[in-house]
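In: Whatever this is, show me its structure:
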Amino acid sequence: QVQLVESGGGLVQAGGSLRLSCAASARTFSRFAMGWFRQAPGKEREFVAAISWSGGSTNYADFVKGRFTISRDNAKNTVYLQMNSLKPEDTGVYYCAADFLGGSRWWSDSEYDYWGQGTRVTVSS
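Out: Okay, the predicted model is just below:
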């Protein structure tokens, strides 16, 4: 069993930045591809970003390209999401997820095996 704990959410003005962190309990963290998803009020959960087990490959949803950066530190069992130039439409609960051995459908929440409890991000206009 893998536990994921997100942190770093909060209230920020439009144009500001936040860095989310997700700490994993797995001793085999480096075997997991990791993803970030978000769910806005009244909407379905959507893909934000993903990173391969090595960190050598990253993917982003079009609406965050150039603004968000996903990274990981396997020595610390942690994945990060640096969010810059935040917009009110980025408001939502952000979840990290772990995909054991990493599959090809990195954009799909069904690909992931473990989920954190989420951290709330609110961007004011």
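
In: Excluding chain neighbours, what is closest to the residue nearest in space to the middle of the chain?
Out: With distances taken as CA atoms, centre = their mean, the residue of the chain nearest its centroid is W36 (2.2 Å). Nearest residue to W36, sequence neighbours excluded (CB to CB, 6 or more residues apart in numbering): V48, at 4.3 Å. C-beta here means a position set from N, CA and C on the backbone, and glycine is covered the same way.

In: who touches the one you found in this structure?
Out: G35, W36, F37, R38, Y60, A61, V64, F68, L81, Y94 (CB atoms under 8 Å, 6 or more residues apart in numbering).

In: out of those, what pair is the most spread apart?
Out: Y60 and Y94 (14.0 Å; CB to CB).

In: Of these two, give the one with the bigger neighbour count.
Out: Using other CB atoms under 10 Å as the criterion, Y60 and Y94 rank with Y94 on top: 23 against 19.

In: where exactly do the helices run in this structure?
Out: Counting by DSSP state H, the chain yields no residue ranges for helices.

In: pLDDT below threshold where in it?
Out: Within the chain, no stretch has pLDDT under 70.

In: Tell me where it has strands.
Out: Using DSSP state E, the strands of the chain run over residues 4-7, 10-13, 18-24, 32-39, 46-51, 58-60, 68-73, 78-83, 92-100, 114-115, 119-124.

In: buried ones in the fifth one?
Out: Using 16 or more other CB atoms under 10 Å as the burial criterion, the residues of strand 46-51 that qualify are F47, V48, A49, A50, I51.
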